[in-house]
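*Asks:* Just need the structure, nothing else, for what follows:
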Amino acid sequence: MANNDSNEEFVDSDKRKPPGTTPKRRASADNPKSGTGALTPGGVGSAGGKRAKRGKQMRDANAPRQPLNGYVRYLNSNRERAKGANPNLSFADITKLLAAEWMALPDEGKRQYLDEAERAKEAYQRELEEYQRTDAYQEFQQ
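*Replies:* Have a look, this model is predicted:
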């Protein structure tokens, strides 16, 4: 038993793992069977802890832009009001304030923003379908 002055034995024994324990093995792209493959350094789900980076996905500049959802529409339309009432708050704090307002807002108050978002989404779907029939879209797919 160690005294309070030297508790190195306690700390060392705390760090030790019970004999026979190994890290859990996860499925990977190389071995889809869960728990059967060897641990490989650097792979996704491996003991290395590093993830493979994906390249930046190319964006088609000619494609129509996705519409804003109801929540973002609410933020955009009320940000100036919140900034005027709280001029000392940062952008992030104003967004948190408006997020709390959105959560407390009854469904009737949210309805106008959600309806606008739904109309914009339908228009976007039509524009996207039209765009996908164009030669510019076919070139982008290549």
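*Asks:* what residue ranges in the chain score low on pLDDT?
*Replies:* The chain contains residues with pLDDT under 70 at 1-49.
*Asks:* Look through it and tell me its longest helix.
*Replies:* helix 107-132 (DSSP state H).
*Asks:* List the buried residues of that helix.
*Replies:* Buried residues in helix 107-132, defined by neighbour count with 16 or more other CB atoms under 10 Å: 113, 116-117, 120. For glycine as for every other residue, the C-beta is placed from the backbone atoms N, C-alpha and C.
*Asks:* Please enumerate the helices of the protein.
*Replies:* Secondary structure of the chain (DSSP H): helices located at 8-15, 70-85, 91-104, 107-132, 135-141.
*Asks:* residues in contact with the residue nearest to residue 71 when sequence neighbours are not counted?
*Replies:* In space, residue 71 comes closest to residue 102 once its chain neighbours are excluded; the distance is 6.0 Å by CB to CB, 6 or more residues apart in numbering. If you count contacts by CB atoms under 8 Å, 6 or more residues apart in numbering, residue 102 has them with 71, 74-75, 110.
*Asks:* one step back: please tabulate the buried residues of helix 107-132 in a markdown table, including the columns distance to residue 88.
*Replies:* Listed next are the buried residues of helix 107-132 as a markdown table, based on distance: CB to CB, whole Å:
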| residue | distance to residue 88 |
| --- | --- |
| 113 | 27 |
| 116 | 31 |
| 117 | 31 |
| 120 | 34 |
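*Asks:* Of those residues, which is the nearest to residue 94?
*Replies:* Each of the buried residues of helix 107-132 was checked against residue 94 using CB to CB; the closest is residue 113, at 17.3 Å.
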